[in-house]
Every structure is written in structure tokens, then in C-alpha cells.
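*Asks:* Predicted structure and sequence below. I'll ask about it afterward.
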2 protein chains.
Amino acid sequence: MTQPTLDIIAIGNAIVDILAPAEDTLIAELALTKGGMQLVDADGAAALYGKMGSAVEASGGSAANTIAGMAALGCRCGFIGQVADDQFGKVFAHDIRAIGVDFATPAREGEPPTAQCLIFVTPDGQRTMNTFLGASQFLPAAALDVAKIESAAVLYLEGYLWDPEQPRAAMRTAIDLAKKAGRKVAFTLSDNFVIARHGDDFRALIADGSIDILFANEHEIAAIADVEDFEGAVAKIAPQVPVLVVTRSEKGAIAIADGERHEVAAEPIKAVVDTTGAGDLFAAGFLAGQAQGRSMTDSLRMGAICAAEIISHYGPRPEHDLKALVAAKLG
Amino acid sequence: MTQPTLDIIAIGNAIVDILAPAEDTLIAELALTKGGMQLVDADGAAALYGKMGSAVEASGGSAANTIAGMAALGCRCGFIGQVADDQFGKVFAHDIRAIGVDFATPAREGEPPTAQCLIFVTPDGQRTMNTFLGASQFLPAAALDVAKIESAAVLYLEGYLWDPEQPRAAMRTAIDLAKKAGRKVAFTLSDNFVIARHGDDFRALIADGSIDILFANEHEIAAIADVEDFEGAVAKIAPQVPVLVVTRSEKGAIAIADGERHEVAAEPIKAVVDTTGAGDLFAAGFLAGQAQGRSMTDSLRMGAICAAEIISHYGPRPEHDLKALVAAKLG
């Protein structure tokens, strides 16, 4: 096994987020599940956009946000994801390359457009997401850069992208490539709606040893374990993966590795402005900590520090110097 | 003269801003004039974008920002400006309509794309703008809604849009329509580069009584008067317009109306994050104050309050409730 040339390579949705403040009454009127993510088609997106207030746009995508955070923390990162040849596609490609990430997936010609996520942010900072996957769901296995996957220490995959058929096939191929090259596979369960649709796939991947680091939040660990009780769910899944990381919002996060449990509190913050990207940036901090050879506890703390930064402002990409924030707290 | 059905209608560039933090060394490396605005072509914009860090996008345009601020303050507003039929055009149209502004200019088919402004924000909060005018410069006189211009109490024009030929002709037509309908014309000089190119046009408009309310900053008043000394410049221009408003950044602002001088200090703020839109929102507050029948001094204070809000965060559109901010300070 050769020395890795990248700390991580991720495969994920290539999305531009459209974020606007919204009152809880609007969430109710639109019959959205507050705090969740739903897929919408082009017409559904247009209808929701028509109900949305004045917005701002920022590159997003779950795994892409994680990679952006890791790049900000000094990791060598690659990203694979499908944009269309349009303005939002140029925005996504620009933003991820501007922070030093290796992103070479060619833009897809013609319709549909680049993926967009309409995010309603309520006064409590909670985000409710509505994703039009557009070009993102047409990521072909041919877009995989085999050499880069083989030479990255970790392959990172987002559960969201398991839903469309082409990227799912591409991700299965990527897992095989990474495993054969002796690399680790990290996987985030993303959202309960994906678990509802593809939980059996995920359980099989966990059971057959495909996943080395599994990320979940409290809802997702219960869904994947099919056990309501938090400790019961953790006890069921933890023995099946080398590292299990579960985030618990304001209750902090835990990691269980080799049977040992590590736990951190949430970082204190002044005000929750927008939770978009909280889980993504937690994963960024944790994985960067691991890439830097830090302890489980310090890796969790890095996750908590990065999550706290992202929820203190609008949008899913870091605005402050993550390296400096980590250095100030952990050295 | 019938009762106006709109408080204001503006003609301006329809731009999407692309904002990113930048060090002063990058401004120097790119040979940009810090704090200024320059026009760039498509290739120039692509080259600068390539040098820019990870960015966020937000609707902009000088007069459009002013109108957005006035709408937030409860004014009845219309906007005329040219977008292309592309993603950024949809973003611009969405954002201005979402705040209740009457915007009906049809999108233009084909190339060039919707106008974009690449904004480098240095650590001191100063913004350096590079505008690719795209579709915006092809606003035809045919896009003017005659009935709306005739029925708006104020026609608001931005100097930036005087540069391209078609919008210049449209704006001259609009001035005639407004004047014949007995409406007021407000004009912002925008930037010294426009004064350098079209100062004689502006001086003629001022001299022939076309402009009822003139907005300038310290640099612009000196340029239009061709007098270096601030007081000398003000003394030369003030007698030629019913209302002259000059903003002076941290030194506050003055208005001279009917020979009487009014002056306010700048609003205190915690930190200048991004000065993009400061002048635009000052104009919004002042014009909204006038529309609401407030005194000159209170209108200036409303301008200062709105400018302080906009420079306290990224982007040129208000994030906080301007009505509430004004009510808290002025009642």
C-alpha cells in the first residue's frame, strides 16, 4: 500500500444552496417537515421558490461542505460530483476549487440544471431543506478518478447520494476501489428519508465491513438500528463498525472505537443563526482530527468546534478561520 | 397631477453580486483600485473570478439595493432593469419580487448573461467591485412602463447605468416622462469613474433643473463640482438642486435643502464587515423618510441607520428588520 497523496476524497451531491429566513407559519403553510430534507422536482422547486423570501446563494452539498471544512483545516482533499454547465455549476466548481480542493468532474451539458437546495431558516436557526437534484443525480461511474480514489487515505460518501441510481452504482464501485487499495471508507447516513428508502443497503454495507467510520445523528442511529432507545441503538451498531460517531446537537457527540466510548459536550455559542451544515462540519472536524493523528476525544472536539462555527452564521461553508479556532481551543 | 400609486420607481443595473473576503495583497496583485468600481468584460470577469476565494452570491445593483431597502421600510416600490433568461436572472427577479417590489422587465433571451459584480471584501470591510454588465447594458427604452413612471412620486436613477448607451437613452426618456407628470427625479452619482466619463451630462441635468434630489459622496461631490475642497464643492452644487445629500462615511452626512443645511453623525456600529451597499441603503433610508413626510434631519438619520445595518454584515440587502431599527431609534 503506497503512501496516500490525498487525506480524503469525497463523492457527493454538487449543490448550490438558496437560503432565506422564514417564519414557522410558512413552514406549516407549505406542509414542510421542519428540520428535514425532502427531494423536489423542478416544478416543486419553482413553487417553493415562489413562496420564499429574498435569499442568498452559497455552495452547499453535504459531503462537499465536509470537504470544504477539511480543506480549511489544512487537509489534502478531492471531490467528485456532478454539476451542469450553467451559472450555478460554475459557482459550485469555483468555490470548491478556490479552497484548494481537487475537483475535476466535467460539467454535464444540457438539462437538467445544477442541483439546488431551497433552505428555509426559521427564527430558531433550524433549517428545512428542499432539494432539486438536477444534474447531481446523473453522476456516472465513469466520473470516478480511479487513481485518486486509490491514493486517498479515506473515501467519504454521503447517504443522500445513495438515492439516485447512477451515483449509487458509482459509489459501490468507489467502495470496491478504496477497499482493494487498503483505504478506509467513511459514510454519513445523511437523513432518515434515505434510511427509510435504502436502510437495507446501508445495513448490508455495515455488516459486510465496507464502512470503517460511520456518521449518524440521534434520529439516524435509531432508524438504522431500528431501535428507538439511543443507547440501545448505539449498542447494536457500534460493534459492527471500527468507528461510530453520533452527533446529538446541543447534547454533544460520542464516538465508539474498538469498544471504547469517547464523549464531548457541544461547544458553547452565542446564538444559533442557521444550522445548515452542522453535521457536515462536525464530520469535517472529526475527520481532519483523525487525519492529523489526534486522539478520538480531540477529533470529536474539533468536530464540535467546526459545527459551532457553521451554525453561528448563514450558509454551510466556514466564514471564520477554522485552523485558528481549533488552535485557540486545542493547540 | 394624480395621486401617486408608487412612492418610487427606479431604473438601475440588475446585478447579482459575488462576494468573497480578500487580503489587501490580492487587491494590490490584481492592480484593483481599493474601494472603487471598475467595469470588466466577460474575459476580465473570468480572470478575476479565478483569483477570488470561495464566495457567496446575493442580488445587488445600486438602485435595486436602494429599492429593496425602501420596500423593507414599507414604501411602495417599482424597479426597471434588464436581466438575462438565466439562473442569475431568476435569482435577481425572485429576490426583488419577494420583498414586494413591482418588477416586470422581461428577461432578455440569449447572450450576454445577467450582470455580475465580483466584490473583494478586505479585512477592513472595504469593498472593491468589478462589474460585468452583461444583459444590464441592453435595457431598451421600450422596457419603460410609462404609466408606472408617471404614477410614481419619485423616479430614482443610478449614475452607473448612464454609461451604456441604451439605458442612458431610456433614462433620458424616463426623466422627461416623470417631469411632464409633475414627479420628482432623484439621481445618485454612483462613482467617480462615471463622473469622469459623463460628468458634463450630469452637470447639464443639474443645471437645467432635471434633478430634484442629488446623492453624492465626498469624492463624487468634488468631482462633479470640479472643486477639491468639500465645502467649496457643496457650495457650488447645492444652489442648483432643490435637495443635495452628501454622505461622508464615518463623518456622517449632510443635506442642503432650500438653502438650509442639515447634518447627522454616522450611526455607531460594532464592526464594519462589508461596506457594499452603504451608499445605496443610505439613499433608501433618506428617501423612505421623505416619502413618510419626515423632517430632513430624521430622513438623514434613517439613511444613517440603514447604512449602519448594511455594513454590519456581508451583502448589499438588509438582513435585519429596518422598520424595527428605525422605530427603535426615531419612533
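*Replies:* Arrived safely, thanks for sending.
*Asks:* contacts and neighbour counts: CA atoms only from here.
*Replies:* Will do.
*Asks:* Mind pulling the model confidence for A:Tyr314?
*Replies:* A:Tyr314 carries a pLDDT value of 88.
*Asks:* That one against A:Val272, yeah?
*Replies:* No - in this structure, A:Tyr314 is not within contact of A:Val272 by Cα atoms under 8 Å, at 9.7 Å.
*Asks:* Neighbour count: those two, which is higher?
*Replies:* A:Tyr314 (22 against 17; other Cα atoms under 10 Å in any protein chain shown).
*Asks:* I'd like to know how far that one sits from B:Ala235.
*Replies:* For A:Tyr314, the distance to B:Ala235 equals 45 Å [Cα to Cα, to the nearest Å].
*Asks:* Torsion angles phi and psi at the residue of the stretch 151-300 of chain A found nearest chain B?
*Replies:* Of all residues in the stretch 151-300 of chain A, A:Val273 sits closest to chain B, at 11.9 Å by Cα to the nearest Cα. For A:Val273, the backbone dihedrals are phi -90, psi -40 (criterion: degrees, to the nearest 10).
*Asks:* Without its sequence neighbours, what residue ends up closest to it?
*Replies:* Nearest residue to A:Val273, sequence neighbours excluded (Cα to Cα, 6 or more residues apart in numbering or on different chains): A:Gly125, at 4.6 Å.
*Asks:* can you count the residues close to A:Ser144?
*Replies:* Not quite, residue A:144 is Leu, not Ser. 21.
*Asks:* which residues touch it?
*Replies:* Contacts of A:Leu144 were listed using Cα atoms under 8 Å, 6 or more residues apart in numbering or on different chains, and they are A:80, A:170, A:174.
*Asks:* now, which of those residues lie within strands?
*Replies:* Using DSSP state E, the members of those that fall in strands are A:Ile80.
*Asks:* I'd like to know which of the contacts of A:Leu144 is nearest to B:Ala223.
*Replies:* A:Ile80 (51.5 Å; Cα to Cα).
*Asks:* Pull the contacting residues for the closest one.
*Replies:* With Cα under 8 Å, 6+ apart, A:Ile80 has these contacts: A:9-12, A:103-105, A:143-144.
*Asks:* Pull out the buried members of those residues.
*Replies:* In terms of neighbour count (16 or more other Cα atoms under 10 Å in any protein chain shown), the buried residues within the contacts of A:Ile80 are A:9-12, A:103-105, A:144.
*Asks:* Mind checking which of the residues you listed are in strands?
*Replies:* Using DSSP E, the members of these that fall in strands are A:9-11, A:103.
*Asks:* ok, which residues in the stretch 101-250 of chain A are in contact with chain B?
*Replies:* Applying Cα under 8 Å from any Cα of the partner chain, one finds that the stretch 101-250 of chain A does not approach chain B at all.
*Asks:* In the stretch 101-250 of chain A, what residue comes closest to chain B?
*Replies:* Closest point on the stretch 101-250 of chain A to chain B, by Cα to the nearest Cα, is A:Pro113, at 9.1 Å.
*Asks:* Just give the number of residues close to that residue.
*Replies:* So A:Pro113, with other Cα under 10 Å, has 22 neighbours.
*Asks:* How about A:Ala328?
*Replies:* Neighbour number of A:Ala328 under other Cα under 10 Å is 9.
*Asks:* who's in contact with the nearest residue to A:Ala181 once chain neighbours are set aside?
*Replies:* Spatial nearest neighbour of A:Ala181, chain neighbours left out: A:Glu150 (5.4 Å); criterion: Cα to Cα, 6+ apart. For A:Glu150, the contacting residues are A:177-178, A:181, A:183, by Cα under 8 Å, 6+ apart.
*Asks:* want to try JSON lines for these, with secondary structure and distance to B:Asp226 as columns?
*Replies:* Below are those laid out as JSON lines (DSSP: H, G, I helix; E, B strand; the rest coil; distance: Cα to Cα, whole Å):
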{"residue": "A:Leu177", "secondary structure": "helix", "distance to B:Asp226": "70"}
{"residue": "A:Ala178", "secondary structure": "helix", "distance to B:Asp226": "69"}
{"residue": "A:Ala181", "secondary structure": "coil", "distance to B:Asp226": "71"}
{"residue": "A:Arg183", "secondary structure": "coil", "distance to B:Asp226": "69"}
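*Asks:* can I get the residues you listed in TSV with neighbour count, distance to B:Ile254 and pLDDT?
*Replies:* Listed next are the contacts of A:Glu150 as TSV, based on neighbours: other Cα atoms under 10 Å in any protein chain shown; distance: Cα to Cα, whole Å; pLDDT from 0 to 100:
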residue	neighbour count	distance to B:Ile254	pLDDT
A:Leu177	18	68	98
A:Ala178	23	66	98
A:Ala181	17	70	97
A:Arg183	22	66	98
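*Asks:* any chance of the residues you listed in a markdown table, plus distance to B:Thr188?
*Replies:* What follows is the contacts of A:Glu150, written out as a markdown table (distance: Cα to Cα, whole Å):
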| residue | distance to B:Thr188 |
| --- | --- |
| A:Leu177 | 61 |
| A:Ala178 | 60 |
| A:Ala181 | 63 |
| A:Arg183 | 60 |
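*Asks:* closest to A:Gly303 among the residues you listed?
*Replies:* Once Cα to Cα is applied, the member of these that ends up nearest A:Gly303 is A:Arg183, at 21.9 Å.
*Asks:* in which helix or strand would I find the closest residue in space to the closest one that isn't next to it in sequence?
*Replies:* Once flanking residues are discounted, A:Arg183 sits nearest to A:Ala153: 5.4 Å by Cα to Cα, 6+ apart. Using DSSP states H and E, A:Ala153 maps to strand A:152-158.
*Asks:* So what does the residue nearest to A:Ala181 have for phi and psi?
*Replies:* Dihedral angles (degrees, to the nearest 10) for A:Glu150: phi -70, psi -30.
*Asks:* Contacts only, for A:Pro239.
*Replies:* For A:Pro239, the contacting residues are A:258-259, by Cα under 8 Å, 6+ apart.
*Asks:* Repeat the analysis, applying 10 Å as the threshold.
*Replies:* A:207, A:256-259 (Cα atoms under 10 Å, 6 or more residues apart in numbering or on different chains).
*Asks:* all helices of the stretch 151-300 of chain A, in order?
*Replies:* A:165-180, A:192-207, A:218-225, A:230-237, A:278-291, A:296-311 (DSSP state H, counting those that start in this stretch).
*Asks:* what's the third one in contact with?
*Replies:* Which is helix A:218-225. Contact with helix A:218-225 is made by A:188-196, A:198-200, A:202-203, A:214-217, A:226-238, A:244-249, A:253, as judged by Cα under 10 Å, 6+ apart.
*Asks:* Please repeat the previous calculation with a cut-off of 7 Å.
*Replies:* If you take Cα atoms under 7 Å, 6 or more residues apart in numbering or on different chains as the criterion, helix A:218-225 is touched by A:189, A:191-192, A:195, A:199, A:228-230, A:233-234, A:236-237, A:246-248.
*Asks:* ok so, going back, just put the buried ones among the contacts of A:Ile80 in TSV and tack on pLDDT and distance to B:Asn130.
*Replies:* Formatted as TSV, the buried ones among the contacts of A:Ile80 follow (pLDDT from 0 to 100; distance: Cα to Cα, whole Å):
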residue	pLDDT	distance to B:Asn130
A:Ile9	98	34
A:Ala10	98	33
A:Ile11	98	34
A:Gly12	98	32
A:Phe103	98	26
A:Ala104	97	27
A:Thr105	98	29
A:Leu144	96	36
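*Asks:* got TSV for those residues, with distance to B:Gly50 too?
*Replies:* Formatted as TSV, these follow (distance: Cα to Cα, whole Å):
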residue	distance to B:Gly50
A:Ile9	23
A:Ala10	23
A:Ile11	24
A:Gly12	23
A:Phe103	14
A:Ala104	15
A:Thr105	17
A:Leu144	25
